[in-house]
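Novice: what would the 3D arrangement of this be:
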Amino acid sequence: MFIRKFDPDSLIREYGESCIRVAPPAGYPEPPFGAMWGAVDPGETSTPNTHHEAEVFFILSGQGEVEVDGLRHDLRSGDAVYLEPFESHALRNGSPDSDLRFLSVWWEDRALLERSERRGDSETDGRSPSRVLVTATPPTVNGGLHLGHISGPYLAADVYRRYLRMRGCDAYYVTGSDENQSYVVTKAAQRGWTPEETAARFGDEVARALGALRIEPDVFARPSTSPHHERLCREFFSRLYANGALELRATPALHCVACDRYLFEAHVSGLCPHCGHGSDGCACEDCGRPNDCVDLIDPRCTTCGSAPIVREVSRLYFPLGRYEKQLRRYLRTVAMAPHLAALCEEMLSDGLPDIAASHVADWGIPVPVTGLEDQVIYVWLEMCPGYLAASQQVSDAEPSLRGFEDLWKDPEAEVVQFFGFDNGYFHALLFPALLMAYDPDMRLPSALVVNEFYLLEGEKFSSSREHAIWAADFAGEQPADCVRLYLAMDRPEHERTSFTLADYEAWVRAELSGRWEPWLVGLGRRVLDECEGLAPATGTYTPAHAKLFRTITSLIRRAEDALEAGAFSPSEVVQVLGELVSLAQRFGVAESRLSRAPERSDERRTALALELAAARALATMAAPLVPELAQQLWTALGFEGEGPARWERRVAFLAPGQDVSGLLRVSLPQPVGIASESPRP
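Specialist: Numbering: from 1, shown residues only. The predicted structure follows:
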């Protein structure tokens, strides 16, 4: 035997707790369980976590609460908490001056894991949440959309919304045009247009690009024509000011003497004070962190190139640091990518900055505060309530909704936001804090889906340098589904990826012409030759048949996991589709040998039925990514109407006798010959 003595000097920090793992010394066999002494500090909450083991907490002293999958339960000394695999849990210490101490014991149990998976299947088969609002950051209308934009939030949000609707969820996708950015003013000056004309022209171009690629938001909100945008933004800002969430301060600001202009955002550039890369005012694209313009290194006016002077200006500020504790709690629960989480933790560790909420300018929504008539609302403080205004437009068109509150405050609703990493701090820290200040009952987004920059031939897309491929023109030449499939595959999810025309054409041709189409047409030929073009019923299963059945099921689950917001990855879905086609093609070649053995006809018809089920799974899983291609395949399999309209979570066979002769006529879209030069707007 051995005795493990409690040693306070051995305490470590895990899950936001002070703890000591209980393990036998070297030479003793490992037990089939793990154990740990732990303590939650007074007034604190442990980090919510989930894991595949079952676990029991034995409360040794103190009192508080345990939160399990969003439900809270009181705890006191002597209680035991039993947790099944993958139940999210956290302990809260309700005492202001004493620890909540416990013993945790955990173990792996395959039977419990399987039961947990079955329960998860049952729960996700339902419609919870009943409504999801999907947002994509409205692009600045100082130019059209290039493929770099499309590869990020706009295609991804469309794919996610399509998937949710196939799952039976009432999902609404909103985006629009970001008209009041200072970049619209600078672009207007370059083109010799008015800002209003610039916003209208490029707003039309953005809408055209989305439509050309079958990206179909329910609301494309334009602030200048929205019935709610300016009103809700002014109301939002006024409430923050009335609540004391905004503070009037006289602080240093940059001023260009030559241009006689207050400098911020697009009007000034320099080196980022955090990462040292080139940055415009207010935020750095490279590291994603904000600046106050005056802290830029070697700032220059972007109009005349001269160095600005520093003047004191009275502006409204939003002290982001006030919400540090609430933001830390929120960040423990929201789903987000590691690189966005790292940015948030770095900013929290360094101390959250105060954000200028108003700027001296004549383009934008005027600040609704007396004495600041020469200032406009900082456009990123405008964008937050702009999402509420777009949601109100959804409600206007949807009889079941009574206002934006049904999407932002109803417990049965969720918000999932898509954006680029350069917009990460705004969505992960600034917007949640603004919503907390505006109305504590607002439900913050449950998932933040971020992407990195998409490069063109190794360099950033750039409108000013004409280093871009414009989405509207490119989609006018190329089949929309070819572009959608390639951008989904090459999406810069966690690191930058690079587009080339040659790679696009070669990959799509190899995938669709080289693999998908030959398998589908060959399958149609085999069914015609052996079953007169009609889907057969299943017969006897061999081990190879059972293996294919299980593998298709696992691929469907992988695609489903990759389409959920918490681990969203269209690239993974494309990989699953390719694996399914390769697997089914190899299976079909091997099993076709049985066509020469009539005594094995029961096995042979099972093989054909399984191949057809694989084709049906291909159409279903591909539908959110390539809707037109999926519709063609669905029709070729003998189904009528639009489809596949419903997500099928398991292997689904075709009805015996269903006419699948359409497979013989499958002709998948192919890239049109690529010109040597990129199309221009």
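Novice: when you work out contacts or count neighbours from here on, use the C-alpha atoms and nothing else.
Specialist: Noted.
Novice: how much space between L548 and A584?
Specialist: 8 Å (CA to CA, to the nearest Å).
Novice: what's the domain layout of the chain?
Specialist: When the chain is parsed with automatic domain parsing, its domains come out as 8-124, 131-179+187-236+382-477, 244-332+351-376, 499-665.
Novice: of those domains, flag the one that's most buried.
Specialist: Highest mean neighbour count of the domains of the chain: domain 131-179+187-236+382-477, a mean of 20 (counted as mean count of other CA atoms under 10 Å).
Novice: what's the neighbour count on T497?
Specialist: 18 (other CA atoms under 10 Å).
Novice: quick one, strands of the stretch 451-600 of the chain?
Specialist: Assigned by DSSP state E, counting those that start in this stretch, the stretch 451-600 of the chain shows strands spanning 454-456, 459-460, 497-499.
Novice: among the ones you listed, which is nearest P543?
Specialist: Set against P543 and scored by CA to CA, the strands of the stretch 451-600 of the chain come closest in strand 497-499, at 40.9 Å.
Novice: and the contacts of the closest one?
Specialist: F453, Y454, L455, L456, E457, G458, E459, D490, R491 (CA atoms under 8 Å, 6 or more residues apart in numbering).
Novice: from G62, how far out is H467?
Specialist: 63 Å.
Novice: before we move on, what about G270?
Specialist: Note on G270: its distance to G62, by CA to CA, is 54 Å.
Novice: check V672 too.
Specialist: 70 Å.
Novice: swap in D41?
Specialist: With CA to CA as the criterion, D41 and G62 are 10 Å apart.
Novice: overlap in contacts of these two?
Specialist: Both D41 and G62 are contacted by N93, S98, D99, L100, under the criterion CA under 8 Å, 6+ apart.
Novice: mind listing the strands in the stretch 101-250 of the chain by residue range?
Specialist: 131-136, 170-176, 219-221, 247-256.
Novice: now the residue nearest the centre of the chain: which helix or strand?
Specialist: Centroid check for the chain by CA atoms, centre = their mean gives V449 as the closest residue, at 2.3 Å. In this assignment (DSSP states H and E), V449 forms part of strand 447-451.
Novice: list the contacts for R72?
Specialist: So R72 contacts E65, V66 (CA under 8 Å, 6+ apart).
Novice: now do 10 Å
Specialist: Residues near R72 by CA atoms under 10 Å, 6 or more residues apart in numbering: E65, V66, H89, A90, L91, R92.
Novice: I'd say A307 and R300 touch.
Specialist: Yes: contact criterion CA atoms under 10 Å: A307 and R300 qualify, at 4.8 Å.
Novice: tell me where the model's unsure across the chain.
Specialist: Filtered on pLDDT under 70, the chain yields the residue ranges 1, 113-128, 463-465, 674-681.
Novice: for the nearest residue to A623 once chain neighbours are set aside, phi and psi?
Specialist: Leaving out its chain neighbours, the residue that sits closest to A623 by CA to CA, 6 or more residues apart in numbering is A630, at 5.1 Å. Phi and psi for A630, reported as degrees, to the nearest 10, are phi -60, psi -40.
Novice: which helices and strands does the strand holding V449 pack with?
Specialist: strand 131-136, helix 155-166, strand 335-336, helix 338-350, strand 413-420, helix 424-425 (3 or more CA pairs under 10 Å, 6 or more residues apart in numbering; DSSP states H and E).
Novice: swap in 8 Å and give it another go.
Specialist: strand 335-336, strand 413-420 (3 or more CA pairs under 8 Å, 6 or more residues apart in numbering; DSSP states H and E).
Novice: out of these, nearest to P24?
Specialist: Using CA to CA, the nearest of the helices and strands packed on strand 447-451 to P24 is strand 335-336, at 36.0 Å.
Novice: let's see the helix or strand harbouring E603 as PDB, backbone CA atoms only.
Specialist: E603 is part of helix 601-622 when elements are defined by DSSP H and E. Presented in PDB, the C-alpha positions along helix 601-622 are these (Å, rounded to 0.1, in the frame of the first residue of the first chain):
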ATOM      1  CA  SER A 601     -27.200 -12.200 -57.000                       C
ATOM      2  CA  ASP A 602     -28.400 -11.500 -53.500                       C
ATOM      3  CA  GLU A 603     -25.000 -10.100 -52.600                       C
ATOM      4  CA  ARG A 604     -24.700  -8.300 -55.900                       C
ATOM      5  CA  ARG A 605     -27.900  -6.300 -55.400                       C
ATOM      6  CA  THR A 606     -26.800  -5.300 -51.900                       C
ATOM      7  CA  ALA A 607     -23.600  -3.900 -53.400                       C
ATOM      8  CA  LEU A 608     -25.500  -1.800 -56.000                       C
ATOM      9  CA  ALA A 609     -28.000  -0.600 -53.400                       C
ATOM     10  CA  LEU A 610     -25.100   0.500 -51.200                       C
ATOM     11  CA  GLU A 611     -23.400   2.300 -54.000                       C
ATOM     12  CA  LEU A 612     -26.700   4.200 -54.700                       C
ATOM     13  CA  ALA A 613     -27.000   5.000 -51.000                       C
ATOM     14  CA  ALA A 614     -23.400   6.400 -51.200                       C
ATOM     15  CA  ALA A 615     -24.500   8.600 -54.200                       C
ATOM     16  CA  ARG A 616     -27.500   9.800 -52.200                       C
ATOM     17  CA  ALA A 617     -25.300  10.600 -49.200                       C
ATOM     18  CA  LEU A 618     -23.000  12.500 -51.600                       C
ATOM     19  CA  ALA A 619     -25.900  14.600 -52.800                       C
ATOM     20  CA  THR A 620     -27.100  15.300 -49.300                       C
ATOM     21  CA  MET A 621     -23.700  16.300 -47.800                       C
ATOM     22  CA  ALA A 622     -22.800  18.400 -50.900                       C
END
